[in-house]
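# Model the following, please.
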Amino acid sequence: MKKNIAILGAFLLINACSSGIDETYLATNPSKAKAENCPKAEVVYLPIQNKNEGFYDRFDLHIRNIVANDDTINFQTLKQDFVFCRANNTWTVQKGTLPKQFQPPINYAAFTQDLINPKFKNINFQGKNYQYRVVKEPNYTVGSDNNLSRQEVPDPTKDKIIFELITPNSKNPHRQTVYTLKDLQNAAVKAGFSAEGNQLGFPRVTSSVIYGEKIWWSIAFEQGEGNNGIATIISYDPKTDKFNLIQPDALAFTQITDLAITGNPNNPTFWIGTNVSGEGNLYIPAKGLVAYRPDDKNPNSGSLSAYTTHNSSLVGAIPDKLRLENDILWVSTANGVCQVKWQAADNPKNWSCWRFAAMAKLPETLPLYSALTNKTQAASLSGNNTIEVLWWSPVNFQTNKGRYEVTYPQGFTTKLNEGASIYEFQRSLPPGKPPVDWPGFEWHWNGERFVRALDEVSLNLSGGGPTGIGSGQLNPEVPINWNAMRGDLELVDISPNSTSIKYYSGWVDEAKLQPYLTVVPQTKPQNPQPNPLKVKGQK
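Reported below is the predicted structural model:
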């Protein structure tokens, strides 16, 4: 079995956002916060495409790390920092300060070697150092063609994932089997899928947490092209020198992006960020933010509450990093950040959320097009006001020229020769999402319109790139003439054969704007209405 390093590396470059060396949670005392210690406002422009970057990387605002002190909480992306000032509840955007260990590696050969034989990471518990890692066995080798090859073994069912821990009193690691290929196949059958075609994806530790008298880790895995794994939380008790595994059946093959723990240490609640990946798509929404409470007798079975863009105030679809501070849980996504009073998270009043946004100052007059590649303008924007920039898409693949999608309050209407049908793969839907397949499937209902968060849009170009509202044939030389990619949608009419939509966005030439990043409060509709698709999903 061989895999191209570039493909595998591209997957893990974005997903290798585990919790660094030691704990990223710093001891803080917010009561001492002083506004004068907060950073001054800067103008941080939306980055343009560099030579070796994809078209849509400029919108990669996934949070890789959180750094906190008495005065601020710093949510770090690859190129920007979103900084919350505790003293006055304000935000600034700063130039990126992401530590090196969270950044994509430059040396691919060394990175691949670390994938096969990862280095141990450190965590300090009760004044003593513990070293940990998770590996896939049997080992892989790198061939002269820069491909990964598995060493041949007689029985492929011997493939397994191993967690290794070096304790302060031991030079050799304690080894705990996390799951085997046979376990993965059995889990697939239990979930109603076929056992065939599954193989173990390379694992990674996505968080390390000290809680009670134990150390806890969450383990995720490479996913797509047949690779998969089992969502796992593993703990170690130094007093008994024993491991304990929790693999919630309800999470099945969901990747755990981060982990926080609350409640009684003997019967805790696990707060879990979730995500799944597919072939060519690294970020697919799963169950949003999950609160999992294991059953006393069977930790793999328990109660699960899921908070998604479809059933809660969660500002983005994929929680990247979590931070617990007493009765507050910070939930960061590529679309913004929420502050949740976790003891009563079911109450919308206990959520305060902010959204990342790109804004730009309008020139005196600006031609607006109703579709991406249209040559005739449909309207004109004017005045020295600011406008929100939603997306960028290429109009010419050879020159990399493109247009920005911007908000347009007057809106345009379009009719598509694609209607509504019952969604076939209902078990994979995020909680709260109606099982209706329609042109706006990747938008969610906010009580007033269908809206699309930044992390509900695919960032990859493979497979035709992100899909929006519009129609056309995929052509490697000519981009599809999208009407909207992130603009708000109003459903005018829908049937099994067609859909009429009003979309509140348009397209402008990229040279006319210079977007900058900011943070705005997430507003809620005054009189929220029920999702009009729910009736369709019940038929």
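# Grab the most central residue of this protein for me.
The chain has I318 as the residue nearest its centroid, 3.8 Å off, counting by C-alpha atoms, centre = their mean.
# Number of residues surrounding P265?
Neighbourhood size, P265 [other C-beta atoms under 10 Å]: 11. Where C-beta positions appear, they are placed from N, C-alpha and C, glycine not excepted.
# Assign it to helix, strand or coil.
When classified by DSSP: H, G, I helix; E, B strand; the rest coil, P265 comes out as coil.
# need the contact list for the closest residue to it other than its chain neighbours.
Leaving aside its sequence neighbours, P265 sits nearest to G212 (C-beta to C-beta, 6 or more residues apart in numbering; 2.7 Å). Taking C-beta atoms under 8 Å, 6 or more residues apart in numbering as the criterion, G212 is in contact with 265-266, 268.
# Can you tell me who W354 pairs with across the strands?
In this entry, W354 is beta-bridged to V337, P521, by DSSP bridges.
# Kindly report the same for T262.
Beta-bridge pairing for T262 (DSSP bridges): T269.
# Need the pLDDT of it.
pLDDT, T262: 97.
# That one reaches W342, doesn't it?
Yes - if you go by C-beta atoms under 8 Å, T262 and W342 touch, sitting 5.8 Å apart.
# Would you mind telling me which of these two has the busier surroundings?
W342 (20 against 17).
# The more buried one and F270 touch, don't they?
No - with contacts counted by C-beta under 8 Å, W342 stays clear of F270, the gap being 11.4 Å.
# and for the two, which residues touch both?
Residues touching both W342 and F270 by C-beta under 8 Å, 6+ apart: A291.
# which stretches of the stretch 351-500 of the chain aren't confidently modelled?
461-464, 473-476 (pLDDT under 70).
# can you pull out the strands in it?
Ranges of strands within the stretch 351-500 of the chain are 351-361, 365-368, 379-382, 386-396, 401-416, 421-422, 436-437, 444-445, 450-451, 489-494, 499-509, based on DSSP state E, counting those that start in this stretch.
# So for I63, which of these sits nearest?
Among the strands of the stretch 351-500 of the chain, the nearest to I63 by C-beta to C-beta is strand 351-361 (10.0 Å).
# And that closest one, what does it pack against?
Taking 3 or more C-beta pairs under 8 Å, 6 or more residues apart in numbering; DSSP states H and E as contact, the helices and strands that strand 351-361 lies on are strand 336-341, strand 386-396, strand 516-521.
# So for Y408, which of those sits nearest?
Taking C-beta to C-beta, strand 386-396 is the member of these nearest to Y408, at 8.7 Å.
# Off-centre distance for the closest one?
21 Å (C-alpha atoms, centre = their mean, to the nearest Å).
# please begin residue numbering at 41 from this point
Fine by me, first position is 41 from now on; the one you just mentioned is strand 426-436.
# For it, list every residue counted as buried.
Neighbour counts over strand 426-436 (16 or more other C-beta atoms under 10 Å) mark 427-435 as buried.
# Same question for stretch 237-246.
238-246.
# What lies in contact with stretch 128-145?
53-54, 56-57, 60-61, 75, 78-82, 84, 104-105, 114, 116-125, 151, 154, 394, 556-559.
# Distance across stretch 295-313, terminal residue to terminal residue?
8 Å (C-alpha to C-alpha, to the nearest Å).
# Dump the buried residues of strand 426-436 into JSON lines; add distance to D298 as well.
Supplementary listing: these in JSON lines, determined by distance: C-beta to C-beta, whole Å:
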{"residue": "I427", "distance to D298": "34"}
{"residue": "E428", "distance to D298": "29"}
{"residue": "V429", "distance to D298": "29"}
{"residue": "L430", "distance to D298": "27"}
{"residue": "W431", "distance to D298": "27"}
{"residue": "W432", "distance to D298": "28"}
{"residue": "S433", "distance to D298": "31"}
{"residue": "P434", "distance to D298": "33"}
{"residue": "V435", "distance to D298": "37"}
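# Just the endpoints, please. Distance across stretch 363-370?
End-to-end distance for stretch 363-370: 5 Å, by C-alpha to C-alpha.
# buried ones in that stretch?
363-364, 369-370.
# Also stretch 208-216?
213, 216.
# Among the buried residues of strand 426-436, which one lies nearest to D97?
W432 (10.5 Å).
# quick one: that closest one from V548, how far?
W432 sits 10 Å away from V548, taking C-beta to C-beta, to the nearest Å as the criterion.
# which residues of the stretch 91-240 of the chain fall in strands?
Using DSSP E, counting those that start in this stretch, the strands assigned to the stretch 91-240 of the chain run over residues 105-108, 112-116, 120-125, 130-135, 161-165, 168-177, 180-182, 187-190, 200-206, 214-220, 239-240.
# Output the ones you listed in a markdown table, with mean pLDDT and distance to D277 appended to each entry.
Shown next, in a markdown table, are the strands of the stretch 91-240 of the chain (pLDDT from 0 to 100; distance: least, C-beta to C-beta, whole Å):
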| stretch | mean pLDDT | distance to D277 |
| --- | --- | --- |
| strand 105-108 | 97 | 27 |
| strand 112-116 | 98 | 31 |
| strand 120-125 | 98 | 35 |
| strand 130-135 | 98 | 40 |
| strand 161-165 | 96 | 11 |
| strand 168-177 | 96 | 12 |
| strand 180-182 | 61 | 32 |
| strand 187-190 | 62 | 34 |
| strand 200-206 | 97 | 11 |
| strand 214-220 | 97 | 12 |
| strand 239-240 | 93 | 27 |
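# which one of these lies closest to N567?
Comparing the strands of the stretch 91-240 of the chain by C-beta to C-beta, strand 130-135 comes nearest, at 27.9 Å.
# re earlier: Serialize the strands of the stretch 391-540 of the chain to TSV and add fields for distance to I146.
Output for those, formatted as TSV (distance: least, C-beta to C-beta, whole Å):
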stretch	distance to I146
strand 391-401	27
strand 405-408	39
strand 419-422	41
strand 426-436	26
strand 441-456	27
strand 461-462	46
strand 476-477	42
strand 484-485	37
strand 490-491	37
strand 529-534	41
strand 539-549	34
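# before we move on, back to that, now list the buried members of the contacts of stretch 128-145.
Buried among these by 16+ other C-beta under 10 Å: 53-54, 56-57, 60, 78, 84, 104-105, 114, 116-125, 151, 394, 556-559.
# Out of the contacts of G252, which one has the weakest pLDDT?
N306 (89).
# separation between that one and K327?
25 Å.
# Could you list the domains of this protein?
For the chain, the domain assignment from automatic domain parsing gives the residue ranges 42-83+97-386, 398-577.
# Could you check how far stretch 418-430 is from the centre of its chain?
Here stretch 418-430 is found 30 Å from its chain centre; the criterion is C-alpha atoms, centre = their mean.
# Now the terminal residues of it, how far apart.
18 Å.
# and I520, how many neighbours?
18.
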